[in-house]
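Colleague: Build me a model from this:
(chains A, B and C)
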Amino acid sequence: MLEQYIPIFILIALAVLIAVAFIILSYLLGPARPNKPKLGPYESGMDPIGQAKERYSVGFYIIAMEFIVFDLEVVFIYPWAVRYQEFGPGTLWAMVLFITILLLGLVYTLKKGSFKWDMLPGSPAK
Amino acid sequence: MESVNELLTISPIVIIGFAGLFVMMLDAFTGNARWSFYASLFFCLAALAGAVQNVLGPTGTSFYSLVYYGGTASFGAVLVLTGTLFSLCLSKDYLEQTGNHIAEVYSLVLFAAFGMLLLVQANHMIVLFLGIESMSIALYALAGLLRDQKKSVEAALKYFLLGAFSTGFLLYGIALLYGSTGSLALPEIAEASDKGVMYWAGVGLLFTGFFFKVSAVPFHMWTPDVYQGSPTTVTAFMATASKSAAFVAFILVLSRALPDTSQQWQEVLWIFAVFTMVIGNLLALVQENIKRMLAYSSIAHAGYIMVGLAATSGAAYSAVLYYLFAYTLMNVGAFGVVAYYECHKNCDFTEIKNYAGLGFKKPIMGILMSVFLFSMVGIPPFAGFIGKYRVFAAAIDEGLISLVIIGVLASAISVYYYLSVLVYLYMKEDETGMVMKRPSTLYSLALIILALLTIYFGVHPGLLTDFLGSFYSVTW
Amino acid sequence: MEFNILGIGVLTWLVFLPVLGMLLVLLIPGNNKNAIRWTALGITALQLVLAVIVTCLFDRSAAGVNDPQSFQFIEQFRWIAVESVPWIGKIEILYFLGIDGLSILMVLLTAIISVIGVISSWNIEKMVKGYFVLYLLLVTGMMGVFVALDFFLFFIFWEVMLLPMYFLIGIWGGPRREYAAIKFFIYTFFGGVLMLLVMLGLYFSVAYTNEAGEMVHTFNLLHMMNSANFVEGSIFYGLDTTWRYIAWVALFVSFAIKVPLFPFHTWLPDAHVEAPTPISVILAGVLLKLGTYGMLRILYPILPDGTVYFMYLMAFLGMISIIYGALCAMAQDDFKKLIAYSSISHMGIVMLGMASLTNQGTVGAVLQMFNHGTITAMLFLTVGVLYDRTHKRGLYDFGGIANQMPKYTGIAMVALFASLGLPGLSGFVSEFFSFLGAFDAFRWITIISVIGIVLTAAYVLWTIQRVFLGEGKEEHNSLADLTGRELVMFVPLLLIVIFLGVYPGPAIELMNTSISTLVEFVGLAGK
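Modeller: Below you'll find the model as predicted:
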């Protein structure tokens, strides 16, 4: 029963091993010249310490929302692609329609300038 | 050819869905909101034509029986599109004058209408859920359109939080129904034999979701705030089209998925109808803001409609359809007049006491308002009377006499608050000496058509009532 | 009996002529006030001519009441009709008009009072166009109620009256007009709602078999009167059942509000005091009669068992109204309010006469309806004349008017004495008949009610003393006597009051057959 999971266990073990090895190697081999920003956690350039209720630029939200839309699109398309043979060619057109609608959404946001970072309201680049 | 015919059965959905995208693109490339407005009017008319054609045709299911067309479903589409069309006609002027004329309004309205159309034609719980969600999400955004006004933001947030919550109930109900019956298609749910605890829990949660959407007491808390905070023409759209859609879907679910347990859920509807009518009317009595007053009045109307649902006969369902039609006409009209008045004095003109003496300044507007309000009271010869009369008659025929007595008495209460608006319009003196604007031709035309239809369907209801009765092969 | 003009029945003309007038008035520009007034007058005068023709052609020997064959000027076609359905049967709502002895006097009264109302509206200057449009709509509603023989149609006309009345009181009324208007509306609407409930119940209980042998649910009043048409097992099936009694009470309340009968009367004084003079005239002259007419036309023959069962209640409420109205009238110092309360008292007499279920009593009641219509119209016009000149209505504000306005005083005296019931004037005849009939049926109630006559005499004479006799007030020295227009509106009423006082025969003959049929029918069916 458990035997069939052995390759997976090997895979997990390998992954852990490699990850740990790289961290240790970079610690041993890399030059260590620490400064404050370098030591801080990665926060997209924001100051990690401050009030919990701090306001972010609305640009982050817009980008994040668009990311989610396309992310979910993948979730939808991937299983379809895997089972395409069974669904038959008719579903191709359905998927084309689906992607077209998404594409129109993309065109809309492009035209409205949501990817022009410096045009977003309250963007840090202004 | 086969697939073209299938497409025709959902022609309103296709047209409106395409229209939403088209209007969005039009805005993206031209940035001119007026073009979006005219385009959306055009598509709405086209979709209405499609819906009317479907309603005259046969009934059936299409798209792997995901969609139901003809009869009640297509009449639901007609209702939704009527509400959408007229509130669109009113929107342009109102939004221009309040300084919010942006094209996104039109695409959002069309997306919401798309969801409603999906909802009324759903033959499958997933389609129904999709419809409810695409309708709701667009409406949340519309409610928050005036984003620099606190009331509007409050409306959007409240609507979103409570709406998301109720959708959860609905979805859970659908899941439980699936668990107990093994299917999501409406007719197959009806065929399932197991009616255990899980089934009833599912029905209960499903009802909760619907009660929220039609704002039945005690799930009505959001209605006054949302109706007040949203731009008035959007409120007109929400109050009519979304309510009609939810009720039509409710009818279809009741009559097609849950017909054989009607004995049991009839009592649930009975109780909720009583609460909705009584509390809606009582709370409307004390409102000072006309939009809140109309919101509570729409809750009360939902109560009368639920009397019809509780009657569960074909005659009652067709009476409800007639009522919804009358309700759409008079409510869009009333909100339209309110929107016209609101555009004076910094667009903050919605207290009933502000209306003192206005009835004489623009006599036509005053008369229109009187027609709509009297129709809501339910006085002949207006359509509202025939609707109420038909619903109550069908309920009496099913033996719900005490329910009808409560309903009729509750509607007697309603006279007071509708008339108090007219008291201000006609029987108080205007002390501010304000000058009234001239409404645009399209605006007045839309309102006049609504009033004429309200009168026409009150004086000569026969054709439509016969036709609606034919959906259930009953006549009244 | 049939009488068509341009292929349309005369009753349709009677009812919808004012609507035609309404459209005409709408076409006239609003600043051309005189044209509007003359149009309204012309239309109502034409209506009066038609009403008189109908009265002349009326066949006095035909009974009507529950027999479709002996109704006159019948017009009947299906208004909302639906094809047959297996399990409910056919359904129909009829456009069904006709008159019999019960309604002929009321039709005539409506036509007369409408013309008088237009003449007395001549000095209304505020939004003349809107006023006459609503006025003519009101006339249509009133006339429609009196000629409708289908319950649904009756109800529609009944409710249609509400709208114009509401605005006429609310816009053209006195200082507390919005209160009075909304009170009037809510009271009557509540009554309408009760009527609607009973109407629905009756509708589902009554079905008749038509020529094709199908069961048809119907609103036809005449079918509802036939107890064989009640479907077995339906809610109002049978006789003397609880549901039938409940229905009787609900319907009775809805009519009693309109009469108005104690304790549903409180809207009346407010409405009268705030309404402009012509509207008071219409209200007292015609609208109050709708309540008692509705009882005779609908309540009595459709629910005769309830009528017999509750006849003491009706008589008792009639008695209370007589005494209470008279006492209240005595306590008023406002002339118009006094007349309003006297109306309650006089309508109590109608109720008492009707409740007796005797021939004399009911004839007296219907005649009293007509006479009270003319007399009270005169009284309200009397107040209106004084109010126009002085803008006062208080009884103590006047005195010695007889010296300044002799013609006016003469006419007012006739009206007041007629209302008091002086022999030789019309009020006496009908009150006498009502009490006579009532005495047969309920001795003690009638004896107590007659005290009301004494009270009436007291307040009428006291009013005459305070307003017309005694020392004149200085500021009233220059009061002008009646103008030609005012004489035109008073004189016809005056002639009617005197004529019917001396020779009531023609009026009684018009209704005698119908009423004896009705009384007999109710007596038979109810016992």
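Colleague: Would you map the helices across the stretch 1-150 of chain B?
Modeller: Using DSSP state H, counting those that start in this stretch, the helices found in the stretch 1-150 of chain B span residues B:2-9, B:11-30, B:33-56, B:71-98, B:104-120, B:125-143, B:150-181.
Colleague: which other helices and strands contact the fourth one?
Modeller: Spelled out, it's helix B:71-98. In this structure, helix B:71-98 packs against helix B:11-30, helix B:33-56, helix B:104-120, helix B:232-237, helix B:243-252, helix B:314-342, helix B:441-459, helix B:462-471, with contacts taken as 3 or more Cβ pairs under 8 Å, 6 or more residues apart in numbering or on different chains; DSSP states H and E. For the C-beta atoms, the positions are set from N, CA and C on the backbone; glycine is no exception.
Colleague: so which of the helices of the stretch 1-150 of chain B is the most packed in?
Modeller: Using mean count of other Cβ atoms under 10 Å in any protein chain shown, the stretch among the helices of the stretch 1-150 of chain B with the greatest mean number of neighbours is helix B:104-120 (a mean of 28).
Colleague: That one packs against which elements?
Modeller: Looks like helix B:104-120 contacts helix B:11-30, helix B:33-56, helix B:71-98, helix B:125-143, helix B:232-237, helix B:243-252 (3+ Cβ pairs under 8 Å, 6+ apart).
Colleague: could these go into a markdown table alongside mean pLDDT?
Modeller: Rendered in a markdown table, the data for the helices and strands packed on helix B:104-120 read as follows (pLDDT from 0 to 100):
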| stretch | mean pLDDT |
| --- | --- |
| helix B:11-30 | 92 |
| helix B:33-56 | 92 |
| helix B:71-98 | 92 |
| helix B:125-143 | 93 |
| helix B:232-237 | 92 |
| helix B:243-252 | 94 |
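Colleague: Against B:T30, how distant is whatever residue of chain A ends up closest to chain B?
Modeller: Of all residues in chain A, A:K111 sits closest to chain B, at 3.7 Å by Cβ to the nearest Cβ. As for A:K111, its distance to B:T30 is 10 Å (criterion: Cβ to Cβ, to the nearest Å).
Colleague: next one: C:E475
Modeller: In this structure, C:E475 and B:T30 are 76 Å apart, going by Cβ to Cβ.
Colleague: Helices along chain A, start to end?
Modeller: Counting by DSSP state H, the segments of chain A that form helices are A:6-29, A:36-39, A:58-82, A:84-87, A:90-111.
Colleague: Which among those is found nearest to B:I102?
Modeller: Each of those has some distance to B:I102 by Cβ to Cβ; the shortest is helix A:90-111, at 13.3 Å.
Colleague: State the mean pLDDT of that closest one.
Modeller: Helix A:90-111 shows an average pLDDT of 89 in the prediction.
Colleague: tilt between it and helix A:58-82?
Modeller: Here helix A:90-111 runs at 170 degrees with respect to helix A:58-82, directions being taken by axes from the mean of the first three to the mean of the last three Cα atoms, to 10 degrees.
Colleague: Make sure C:F96 is indeed in a strand.
Modeller: Yes - under DSSP: H, G, I helix; E, B strand; the rest coil, C:F96 falls within a strand.
Colleague: Go ahead and confirm it touches C:F151.
Modeller: No - applying Cβ atoms under 8 Å as the test, C:F96 and C:F151 come out as separate, 9.7 Å apart.
Colleague: on that earlier part again, can the helices and strands packed on helix B:104-120 go into CSV with extra columns for distance to C:L268?
Modeller: Formatted as CSV, the entries for the helices and strands packed on helix B:104-120 read as follows, by distance: least, Cβ to Cβ, whole Å:
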stretch, distance to C:L268
helix B:11-30, 54
helix B:33-56, 50
helix B:71-98, 42
helix B:125-143, 48
helix B:232-237, 40
helix B:243-252, 40
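Colleague: and C:P263, which of the ones you listed is closest to it?
Modeller: C:P263 sits nearest to helix B:243-252 of all the helices and strands packed on helix B:104-120, at 40.7 Å, using Cβ to Cβ.
Colleague: Quick check, pLDDT for the residue lying closest to C:L296 once chain neighbours are set aside.
Modeller: If the residues on either side of it in the chain are set aside, C:L296 comes closest to C:L102, at 5.5 Å by Cβ to Cβ, 6 or more residues apart in numbering or on different chains. If you check C:L102, the pLDDT there is 87.
Colleague: can you check C:L46 too?
Modeller: The model's pLDDT for C:L46 equals 92.
Colleague: right, and it touches C:L14 too?
Modeller: No - the pair C:L46 and C:L14 does not pass the contact test of Cβ under 8 Å, sitting 9.8 Å apart.
Colleague: Could you check which of the two is surrounded by more residues?
Modeller: Neighbour comparison, C:L46 and C:L14: the larger count goes to C:L14, with 28 against 18 (by other Cβ atoms under 10 Å in any protein chain shown).
Colleague: counting contacts, what elements does the strand or helix carrying that one pack onto?
Modeller: In this assignment (DSSP states H and E), C:L14 forms part of helix C:10-27. With contacts defined as 3+ Cβ pairs under 8 Å, 6+ apart, the secondary structure elements packing on helix C:10-27 are helix C:33-57, strand C:72-82, strand C:90-99, helix C:101-120, helix C:128-147.
Colleague: I'd like these laid out as CSV, including distance to B:K150.
Modeller: Listed next are the helices and strands packed on helix C:10-27 as CSV, based on distance: least, Cβ to Cβ, whole Å:
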stretch, distance to B:K150
helix C:33-57, 50
strand C:72-82, 50
strand C:90-99, 51
helix C:101-120, 54
helix C:128-147, 41
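Colleague: Out of those, flag the one nearest B:Q263.
Modeller: Distances from B:Q263 to each of the helices and strands packed on helix C:10-27 were compared using Cβ to Cβ; the shortest belongs to strand C:90-99, at 26.2 Å.
Colleague: relative to helix C:101-120, how tilted is that closest one?
Modeller: Inter-element angle recorded for strand C:90-99 and helix C:101-120: 70 degrees (by the same axes, to 10 degrees).
Colleague: Could you export strand C:90-99 as CSV, CA atoms only?
Modeller: Taking C-alpha atoms only, strand C:90-99 is exported to CSV below (Å, rounded to 0.1, in the frame of the first residue of the first chain):
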residue,chain,number,x,y,z
LYS,C,90,-65.7,30.6,-16.8
ILE,C,91,-65.0,34.0,-15.3
GLU,C,92,-66.6,37.3,-16.3
ILE,C,93,-66.7,40.9,-15.2
LEU,C,94,-69.5,42.7,-16.8
TYR,C,95,-70.1,46.2,-18.0
PHE,C,96,-73.6,46.0,-16.8
LEU,C,97,-75.7,49.1,-16.4
GLY,C,98,-79.4,49.5,-15.7
ILE,C,99,-81.8,51.3,-13.4
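Colleague: from the middle of its chain, how far away would it be?
Modeller: Strand C:90-99 sits 23 Å away from the centroid of its parent chain (Cα atoms, centre = their mean, to the nearest Å).
Colleague: same question, stretch C:438-449
Modeller: Between the mean C-alpha location of stretch C:438-449 and the chain-wide mean there is a distance of 24 Å, by Cα atoms, centre = their mean.
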